[in-house]
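# Got a sequence here, can you build the structure:
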Amino acid sequence: MNLKRVLSIAQKEVYHIVRDPFTLAMALGLPLILVTIFGLAIEFNMKEIGISVYDGDKSVASRSLLRAFSSSDYFHLNHTDRLPEAISILDHEQSKAALLIEPGFEKNLGSEKTAQAQILIDGADNSTVGVILGYLSGVQNQFGRNVGQTLSGSTAPFRTRYLFNPELNSRWFTVPGLIVIVVAILSILLTALTIAREWENGSMELLLSTPVRPIEIVIGKLLPYSLLGVGSVVFVYGLARVAFGVPFVGSHWFYGLSVLLFISAYLAQGLLISVVTRNQQLSMQLALISGLLPSVLLSGFVFPIENMPRFFHYLTSIFPAKWFMIISRSLFLKGSEPHELIKPFVALVVLNVVLMGVATKLFKKDVEP
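Below is the predicted model:
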């Protein structure tokens, strides 16, 4: 392999990138747009959950229970004096839950009888149900402290401390994963479109008529996009640290090495798509299907892989996004040592070798009859 020819092809590709406004817009604008949308819009900690309230007791104890709900930012109470109206608000989806306090609540609380307060939750939105149920345990403990009662299950109270993300900040969880999405989209989409355009314009055949070897063409064309991918990672990393205050407590050199492996894997996938299709429109469709959708839906970015059916545990393993997602979040928040991330790192190496090998082999086979 001649290094001079490789650099000449890379220089030619740089000229194409500079003159192509679409490529420049994708490389410079896409990371900013994705970080802004996902970083600011995605919020896993629900706040201001609407609750319609009927207080039939209107006692000190019932008001103490309501204070336990309203003292946090999690609930917004909508008071009503009629029981049917409280339920009607829930039925018309104007609130997510209804709190119904029966008459005699305080009296029963101070006697051997059971004091009852009913919570009705809208089960049509099951993502909200789990959140509300989780918050209710905290409300119950707070109410128990307020009235000086020992509630059921509070004889041995738990003290919860969250490791790695003590404030349960959704952005600390989301932004490190955005690097995976940005790199996956840029690498696979730009590579697939650029090389497919060479086939459509006939310039690839002209290039192959020279003494340049196919492997030199592959490396020369992928090199500028590798630098674009690295630049995108640096850009999102800077936004994560400065704009969103996400800590990074892991090894930078191990993270950088993982980034290079991840980028090269998706560049090889984009090359493979362009070699097979030789058409920009079809390349874009396949790049979005095989790059964007798996990186968002099957990488653990939003939906935990552990909660998926067993088949998808194995299916997600063929996507580099899954493994780099583990590395990125572990190094940002947990500060995992390199030996603790050997499995995802080796998986990235294997996928990188397989994708690059298949792409190069099909490229050589396709252009050399």
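
# and the gap between the spatially closest residue to residue 249 that is not a sequence neighbour and residue 255?
On the basis of Cβ to Cβ, 6 or more residues apart in numbering, the spatially nearest residue to residue 249 that is not a chain neighbour turns out to be residue 335, at 3.4 Å. (C-beta placed from N, C-alpha, C; glycine too.) Going from residue 335 to residue 255 by Cβ to Cβ, to the nearest Å gives 11 Å.

# hey, which helix or strand in the chain has the poorest pLDDT?
For the chain, using mean pLDDT, DSSP states H and E, the weakest element among its helices and strands is helix 203-208, scoring a mean of 68.

# Distance check, residue 352 against residue 12.
Taken as Cβ to Cβ, the span from residue 352 to residue 12 is 25 Å.

# Compare neighbour counts for the two and give me the winner.
A count of neighbours by other Cβ atoms under 10 Å puts residue 352 above the other of residue 352 and residue 12, at 20 against 14.

# can you give me how far the helix or strand containing that one is from the chain middle?
With secondary structure defined by DSSP states H and E, residue 352 is part of helix 342-367. Per Cα atoms, centre = their mean, to the nearest Å, the displacement of helix 342-367 from the mean C-alpha position of its chain is 25 Å.

# One more: stretch 326-337?
Averaged over its C-alpha atoms, stretch 326-337 has a centre that lies 14 Å from its chain's centre (Cα atoms, centre = their mean).

# Report the central residue of this structure.
When the chain is reduced to its mean C-alpha position, the closest residue under Cα atoms, centre = their mean turns out to be residue 301, at 2.8 Å.

# who's in contact with that residue?
By Cβ atoms under 8 Å, 6 or more residues apart in numbering, the residues touching residue 301 are 174, 177, 180, 181, 295, 321, 325.

# Report the two of those separated the most.
Every pair in the contacts of residue 301 was compared (Cβ to Cβ); the two farthest apart turn out to be 174 and 321, at 14.7 Å.

# Name the residue in the two with the higher neighbour count.
Regarding residue 174 and residue 321, a neighbour count based on other Cβ under 10 Å identifies residue 321 as having more, with 27 against 24.

# Can you tell me the SS state at that one?
In three-state terms, and counting by DSSP: H, G, I helix; E, B strand; the rest coil, residue 321 is helix.

# And residue 51, by the same measure?
Under the three-state scheme (three-state DSSP), the conformation of residue 51 reads as strand.

# so how many other residues sit close to the residue lying closest to it once chain neighbours are set aside?
What sits nearest to residue 51 in space, not counting adjacent residues and going by Cβ to Cβ, 6+ apart, is residue 97, at 4.8 Å. A count of nearby residues for residue 97, using other Cβ under 10 Å, gives 22.

# Look at residue 97 and report its pLDDT.
As summarised for this prediction, residue 97 has a pLDDT of 87.

# Roughly how far does it sit from residue 139?
Applying Cβ to Cβ, one obtains 11 Å for the distance of residue 97 from residue 139.

# Residue 41 is in contact with residue 171, correct?
No - taking contacts as Cβ atoms under 8 Å, residue 171 lies outside contact range of residue 41: 10.4 Å.

# Who has more neighbours out of those two?
Neighbour count, other Cβ under 10 Å: between residue 171 and residue 41, residue 171 has more, with 20 against 8.

# check contacts around that one.
With contact set as Cβ under 8 Å, 6+ apart, residue 171 has these partners: 39, 244, 246.

# Name the residues of whichever strand or helix holds it that come out as buried.
Assigning secondary structure by DSSP H and E places residue 171 in helix 170-201. Of the residues in helix 170-201, those buried under the neighbour-count criterion (16 or more other Cβ atoms under 10 Å) are 171-199.

# Stretch 131-143 now?
Buried-residue list, stretch 131-143, by 16+ other Cβ under 10 Å: 131, 132, 135, 136, 139, 140, 141, 142, 143.

# what comes into contact with it?
46, 49, 64-65, 68-69, 71-72, 74-75, 96-97, 119, 121, 151, 154, 157.

# neighbours of residue 118, just the number please.
The number of residues packed near residue 118 is 10, by other Cβ under 10 Å.
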